[in-house]
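Visitor: need coordinates for the following:
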Amino acid sequence: MKTDLTDTTSSKINKALVLGRRAIGTPAVGMVLTLVIVTDEENAYDALRAANDASREHPSRTLVVIKRAARSPRDRAKARLDAEVRLGADASTGETVVLRLYGEVVDHAQSVVLPLLLPDAPVVVWWPVNSPADPANDPLGALAQRRVTDTYAAEQPIHELNGRAQTYTPGDTDLAWSRITPWRSMLAAALDQVVCEVTSAEVEGEEFNPSVELLAMWLADRLKVPVRRSTSAGPGLTSVRMESTCGPIVLDRPDGSLATLSIQGQPDRAVALKRRETSDLIAEELRRLDPDDTYASALRYGVDRLDEASAVTAPDPVEEAPVAAAPAADPAPSSTKKSAARKAAAK
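Guide: Below you'll find the model as predicted:
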């Protein structure tokens, strides 16, 4: 069931939700949270489809906030709110309200969203693209217990990671972190199978992929060892290699679907490590609404610190050059000593 409201208010939207539930015969509200999606018109469809798929596991009221750009000064001065209310089969297992904001109301989206939040239910805000520099201090982010961003969608993902570390507030999370959950689980399980000490590690993946950086920072933070990153053609993360006192431990996934776990002294094992859809990532984030301390610790480790650790462990060819040239330099000191001996004899 769909209801279109033009030039409306939050009060009228709430009334449309109540009338719609009665019309389809489900007057009770059985949703567990409110999911607010802040996006643009171009990415709204994909984000809403992912949210609808995730709502099968987490029935929720989904509010899609689309800030429309006005074409003329007159349109920018005129505030208007259009809404599309979806219930029943059109909204999966929850309720969906698509909000299109025009004019001055664009700068006051929180005043539109606040009356539509489910009472006594947690709030999650998700920015699929164009996330704010400080999500916790954003007017919409301040309403939420959980704030979800995606640095993979940023123009400069690595720079974005540094910014996230500086502005981190408990409740912040990133889909780039959710993407490496299976990798972290598999690597932790592999280390549980051996009794040895990891001395170094290497993470291989696509260039400018924030998941590669986050996995490397997580390993460096947890294992307290130098971690080097290398570039591959992808897709996404392709390999992790850990050097240990028991031999190398390698988790390799060249095709983005099936991985191979190799441990010294054990037969190789095939592991399902498929790249997950956005709906799976959102569903994972909605399972826990408490602060993710592990993510915070890995994020605060810092990309710069990771670079410094790699530079310290890398061999320096400049220092090796004089050692190779040392034998050729022997004749000069020898001839100098002979010359000094002749002068002393002459005296």
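
Visitor: surely Glu277 and Asp46 touch.
Guide: No - applying Cβ atoms under 8 Å as the test, Glu277 and Asp46 come out as separate, 10.3 Å apart. Where you see a C-beta, it was placed from the backbone N, CA and C, and this is true even at glycine.

Visitor: hey, where'd the helices end up in the stretch 151-300 of the chain?
Guide: For the stretch 151-300 of the chain, the helices defined by DSSP state H, counting those that start in this stretch occupy 157-167, 175-178, 181-192, 210-223, 278-287, 293-301.

Visitor: for Asn130, find the nearest of those.
Guide: If you check each of those against Asn130 by Cβ to Cβ, helix 157-167 wins as the nearest, at 11.2 Å.

Visitor: for Asn49, which non-adjacent residue is closest in space?
Guide: Not quite, residue 49 is Arg, not Asn. Of all residues not flanking Arg49 in the chain, Ser279 sits nearest, at 7.5 Å (Cβ to Cβ, 6 or more residues apart in numbering).

Visitor: report the separation between the one you found and Leu237.
Guide: For Ser279, the distance to Leu237 equals 20 Å [Cβ to Cβ, to the nearest Å].

Visitor: so for the two, which sits in the more crowded spot?
Guide: Using other Cβ atoms under 10 Å, the more surrounded residue of Ser279 and Leu237 is Leu237, with 26 against 18.

Visitor: the residue nearest to Arg49 and Tyr45, how far apart?
Guide: Counting by Cβ to Cβ, the gap from Ser279 to Tyr45 is 13 Å.

Visitor: who's in contact with Ile66?
Guide: Counting by Cβ atoms under 8 Å, 6 or more residues apart in numbering, Ile66 makes contact with Thr39, Asp40, Glu41, Ala44, Val98, Leu99, Arg100, Leu101.

Visitor: show me the contacts for the residue nearest to Arg49.
Guide: Neighbour list for Ser279: Arg49, Ala50, Ala51, Asp53, Ala54 [criterion: Cβ under 8 Å, 6+ apart].

Visitor: what do you get for Pro235?
Guide: Glu206, Asp255, Gly256, Arg275.

Visitor: any chance you could map the helices in the stretch 1-150 of the chain?
Guide: 10-23, 41-54, 73-77, 109-113.

Visitor: what is the mean pLDDT for the second one?
Guide: The average pLDDT within helix 41-54 is 92.

Visitor: picking that back up, list just the nearest of the contacts of Ile66 to Leu191.
Guide: Looking across these and measuring by Cβ to Cβ, the closest to Leu191 is Thr39, at 38.8 Å.

Visitor: need the contact list for that closest one.
Guide: Ala47, Val64, Val65, Ile66, Trp127, Pro128, Val129, Asn130.

Visitor: now Asn14
Guide: Asn14 makes contact with Pro115, Leu116 under the criterion Cβ under 8 Å, 6+ apart.

Visitor: again with the one 5 residues further on
Guide: Going by Cβ under 8 Å, 6+ apart, Leu19 touches no other residue.

Visitor: quick check: Arg179 touching Lys274?
Guide: No - here Arg179 does not reach Lys274: they are 11.4 Å apart, not a contact under Cβ under 8 Å.

Visitor: and stretch 178-186, what's its mean pLDDT?
Guide: Confidence over stretch 178-186, taken as the mean pLDDT, stands at 94.

Visitor: quick one: low-confidence ranges for the stretch 51-200 of the chain?
Guide: For the stretch 51-200 of the chain, applying pLDDT under 70 flags the ranges 70-77, 89-92.

Visitor: ok, 80 please
Guide: 69-77, 88-94 (pLDDT under 80).

Visitor: ranges for the strands of it?
Guide: 60-67, 80-86, 95-102, 123-126, 146-149, 172-174, 198-205 (DSSP state E, counting those that start in this stretch).

Visitor: report the contact partners of Gly20.
Guide: Met1, Thr3, Val85, Leu87, Gly88.

Visitor: measure the third one to Asp252 for me?
Guide: Between Val85 and Asp252 the distance, using Cβ to Cβ, works out to 49 Å.

Visitor: so those two - more neighbours on which side?
Guide: Between Val85 and Asp252, counted using other Cβ under 10 Å, the more crowded position is Val85 (24 against 17).

Visitor: give the contact list for Ala296.
Guide: Tyr168, Pro170, Asp172.

Visitor: most neighbours among those residues, which one?
Guide: Most surrounded of the contacts of Ala296: other Cβ under 10 Å gives Asp172, at 23 neighbours.

Visitor: pull the number of nearby residues for Ser230.
Guide: Neighbours around Ser230, by other Cβ under 10 Å: 13.

Visitor: which residues does Val65 bridge with?
Guide: Val38, Leu99 (DSSP bridges).

Visitor: tell me who's in contact with it.
Guide: Val36, Ile37, Val38, Thr39, Leu99, Leu101, Ala109, Val112, Val113, Leu140.
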